[in-house]
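1. Structure for the following, please:
(2 chains)
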Amino acid sequence: MKFGVIVFPGSNCDQDAYYAVRDVLKEPVEYIWHQEHDLKGVDCVIVPGGFSYGDYLRTGAVARFSPVMEAVKEHTDKGGYAIGICNGFQILCEAHLLPGALVSNDCLKFVCKYVQLTPANLNTPWTNQCKNGQVLNIPIAHQGGNFVCDQETLKRIEDNGQVILRYCDEAGRVTPEANPNGSLNNIAGVINERGNVAGMMPHPERAVEKILGSADGLNILRSVIEWARR
Amino acid sequence: MAKVKVYVTLKPSLLDAQGRVVQTALENLGYGNVEDVRIGKYIELEVKENGQTLDTQIEEMCRKLLANPVIENYRFEVTE
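-> Below you'll find the predicted structure:
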């Protein structure tokens, strides 16, 4: 599966994503500059974390209008895969490719630490390599990861199985204490209705080797490869 | 040339993290009677008339970029 990592001015997790795909997953990968109109034939787009356009106006608000985002929309409209991580999640929400929005953490702080996640739906392109009840150890690093949406949208995405990851404690319990940012229903990751577009605040690309603390992010990244192969 | 003042505010149902920090700071300064602080954005635009209805155009700008209707409310005033 060919991956493409979008690079905006201010992206800072692009190299981690590139490394995870090329050196750990051993799949082909290319950087795609935000001014490009063409996705170079990639199967899966990664919109990485960072501070695109300095977070001016709102996180993700300006990046959304980059030329490359038109191409990303065309790609996903045709069923192509895309995952937004951290700032990438914020960008995909701003682009209306994902439901909801991300606002400031309720703790008022930038939170940078490992969190525990539990998959909420295993039958998706992004979680099929996770196990039921599994607790994934993956880091977060954000100030605006508080997932919000209106009640109607919340009910719809919950009923449709569009919530894919929730913050939990080490025993896998989804509790208010395990919620690092105030997200509704402890939501850490969602997909669109079709499932080909995902967004998550935690960084799977930073958890790809045990020697660096955790390799649990591979469960996410390997899922899309496996899903496409089936 | 029209001057447009756009006000963008976080929806009342959402926690305003910045507002809360400022409220705490005001309390520390001795203003314990401040019940709530909400921080929004104020945007000034200078817009040349181009035949399109200005109100419609500004409304569109707000919806597409200046505000995110999922989390924010907006209003604007046009002055000549």
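
2. Could you use CA atoms for every contact and neighbour count after this?
-> OK.

3. List, one by one, the residues from chain A near chain B.
-> A:57, A:61-62, A:94, A:100-101, A:104-108, A:148-150 (CA under 8 Å from any CA of the partner chain).

4. let's see 10 Å
-> Residues of chain A lying near chain B by CA under 10 Å from any CA of the partner chain: A:57-58, A:61-62, A:64-65, A:93-95, A:99-109, A:144, A:146, A:148-150, A:182.

5. Of those residues, select the buried ones using a PyMOL command.
-> PyMOL command restricting the residues of chain A next to chain B to the buried ones, with burial defined by 16 or more other CA atoms under 10 Å in any protein chain shown:
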select buried, chain A and resi 58+61+62+64+65+93+94+95+99+100+101+102+103+104+105+106+144+146+148+149+182
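
6. Sort out for me which of the residues of chain A next to chain B are in strands.
-> A:101-103, A:146, A:148 (DSSP state E).

7. now the strands for chain A?
-> With DSSP E as the criterion, chain A has strands spanning A:3-7, A:29-33, A:44-47, A:81-85, A:101-103, A:111-119, A:136-142, A:146-148, A:163-168, A:187-191, A:197-200.

8. sorry, back to before: now the ones in strands among the residues of chain A next to chain B as a markdown table including distance to residue A:88?
-> Converted to a markdown table, these look like this (distance: CA to CA, whole Å):
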| residue | distance to residue A:88 |
| --- | --- |
| A:101 | 12 |
| A:102 | 11 |
| A:103 | 14 |
| A:146 | 14 |
| A:148 | 16 |
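
9. so how far is residue A:54 from residue A:19?
-> Relative to residue A:54, residue A:19 is positioned 24 Å away (CA to CA, to the nearest Å).

10. I should have written residue B:3 there, sorry.
-> For residue B:3, the distance to residue A:54 - CA to CA - is 27 Å.

11. Tell me if I'm right that residue B:10 and residue B:39 touch.
-> Yes: at 7.7 Å, residue B:10 counts as touching residue B:39 under the criterion of CA atoms under 10 Å.

12. quick one: common contacting residues for the two?
-> Residues touching both residue B:10 and residue B:39 by CA atoms under 10 Å, 6 or more residues apart in numbering or on different chains: residue B:16.

13. out of these two, which sits in the busier spot?
-> residue B:10 (21 against 14; other CA atoms under 10 Å in any protein chain shown).

14. Name the single longest helix found in chain A.
-> Taking DSSP state H as the criterion, chain A has its longest helix at helix A:217-229.

15. list the buried ones in that one?
-> Buried residues in helix A:217-229 (16+ other CA under 10 Å): A:217-225.

16. right, and the pair among those residues with maximum separation?
-> A:217 and A:225 (13.4 Å; CA to CA).

17. who in chain B is up against chain A?
-> B:10, B:13-18, B:20-21, B:41, B:64-71.

18. Within the helices and strands, which one has the residue sitting nearest the centre point of chain B?
-> For chain B, the residue nearest the mean C-alpha position is residue B:8 (1.9 Å; CA atoms, centre = their mean). Residue B:8 is located in strand B:2-10, with elements delineated by DSSP states H and E.

19. for the residue lying closest to residue A:112 once chain neighbours are set aside, what are its contacts?
-> With sequence-adjacent residues excluded and distances taken as CA to CA, 6 or more residues apart in numbering or on different chains, residue A:112 is closest to residue A:141, at 4.1 Å. For residue A:141, the contact set (CA under 10 Å, 6+ apart) comprises A:49-50, A:86-87, A:110-114, A:201-203.

20. which of these lies closest to residue A:25?
-> residue A:203 (15.5 Å).

21. tell me the contacts of that closest one?
-> A:13, A:16-17, A:48-49, A:84-86, A:114, A:138-141, A:217 are the contacts of residue A:203 under CA under 10 Å, 6+ apart.

22. isn't the residue nearest to the centre of chain B right up against residue B:44?
-> No: Residue B:8 is beyond contact range of residue B:44, at 11.3 Å (criterion: CA under 10 Å).

23. Find the residues that touch each one of the two.
-> In contact with both residue B:8 and residue B:44: residue B:76, using CA under 10 Å, 6+ apart.

24. in chain B, which spans are strands?
-> Counting by DSSP E, the strands of chain B are B:2-10, B:41-47, B:72-79.

25. May I see those strands organised as a markdown table, with mean pLDDT added?
-> What follows is the strands of chain B, written out as a markdown table (pLDDT from 0 to 100):
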| stretch | mean pLDDT |
| --- | --- |
| strand B:2-10 | 96 |
| strand B:41-47 | 96 |
| strand B:72-79 | 95 |
